[in-house]
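[1] Okay, predicted coordinates and the sequence, questions at the end:
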Amino acid sequence: NAGVTQTPKFRILKIGQSMTLQCTQDMNHNYMYWYRQDPGMGLKLIYYSVGAGITDKGEVPNGYNVSRSTTEDFPLRLELAAPSQTSVYFCASSYELAEETFNEQFFGPGTRLTVL
Amino acid sequence: SQKIEQNSEALNIQEGKTATLTCNYTNYSPAYLQWYRQDPGRGPVFLLLIRENEKEKRKERLKVTFDTTLKQSLFHITASQPADSATYLCALPSGNTPLVFGKGTRLSVIA
């Protein structure tokens, strides 16, 4: 199993450009998540998905869009990139049977994005 | 929503000693709490989960406690080694957010 894979590893964008960060997991996990991590800060949840076709906002969704057409893939779209979106982005997945307790999340290696 | 405070940004200890990291939260006691380890340039890795009805959980040299009265979790690494040097993150649910993460404590174990 490759686990959670993310592409690209690094990217530099100009202000106003758009891009899609890719995330794939091969563990048949139903839940997937996107986080951003700024230097010296904790992870902030951007969006998450409880299964194909279902997505929900996290703590910091503005400026981002997601879709979940398959169990394996959960791309994150940035439209009109801004310097405030300079960050490291992590995708994660978990297998959940019920909402009372959430199991461990498996994280990808991250995408380091700079917007200039 | 929950606010999470991890006691210090950085903690230096000598090899062989026990490292104790603190995670405090502000609002209602969560149903569970998780601890993760993050190495520089990498994604977090899950270590332990403790539920509100569990006082203590152990895994090899790791021990986590959960005190809902104090609204606090303690994370201990016994017989610490330089390889334990990393940032340790505390995380718990808040409202509709499955996990909210603290800023982390950077642990350095000095040989």
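    All right, it came through fine.
[2] quick one: contacts for the closest residue to A:Leu21 other than its chain neighbours?
    Closest residue in space to A:Leu21, ignoring its immediate chain neighbours: A:Leu76 at 4.4 Å, by Cβ to Cβ, 6 or more residues apart in numbering or on different chains. For glycine as for every other residue, the C-beta is placed from the backbone atoms N, C-alpha and C. Taking Cβ atoms under 8 Å, 6 or more residues apart in numbering or on different chains, we find A:Leu76 in contact with A:20-21, A:23, A:34, A:46-47, A:64-66, A:89, A:91.
[3] go on, A:Gly110?
    Residues near A:Gly110 by Cβ under 8 Å, 6+ apart: A:6, A:9, A:37, A:88-90, B:41-43.
[4] biggest separation within those residues, which pair?
    The distance between the two most remote of the contacts of A:Gly110 (Cβ to Cβ) is 14.8 Å, for A:Lys9 and A:Gln37.
[5] Compare the two (neighbour count), which wins?
    Higher neighbour count among A:Lys9 and A:Gln37: A:Gln37, with 22 against 10, using other Cβ atoms under 10 Å in any protein chain shown.
[6] is it true that the more buried one touches A:Ser87?
    Yes: assessed by Cβ atoms under 8 Å, A:Gln37 is found in contact with A:Ser87 at 6.4 Å.
[7] Filter the contacts of A:Gly110 down to the buried ones and hand me the ChimeraX line.
    A single ChimeraX command selects the buried members of these (16 or more other Cβ atoms under 10 Å in any protein chain shown):
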select /A:6,37,88,89,90 /B:43
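[8] Name whatever forms a beta bridge with the residue lying closest to A:Gln85 once chain neighbours are set aside.
    Using Cβ to Cβ, 6+ apart and skipping the chain neighbours, the partner closest in space to A:Gln85 is A:Val115 (5.3 Å). With DSSP bridges as the criterion, A:Val115 is bridged to A:Leu13.
[9] neighbours around A:Val115, how many?
    When neighbours are defined as other Cβ under 10 Å, A:Val115 has 19 of them.
[10] Could you measure from it over to B:Val109?
    For A:Val115, the distance to B:Val109 equals 36 Å [Cβ to Cβ, to the nearest Å].
[11] List the beta-bridge partners for A:Leu45.
    A:Tyr35.
[12] Surely it touches A:Gly58?
    Yes: using Cβ under 8 Å, A:Leu45 is in contact with A:Gly58, at 3.1 Å.
[13] Next, show the common contact partners of those two.
    The contact sets of A:Leu45 and A:Gly58 overlap at A:33-35, B:97 (Cβ under 8 Å, 6+ apart).
[14] coming back round to it: next one: the residue nearest to A:Gln85 from B:Ile50, what distance?
    38 Å.
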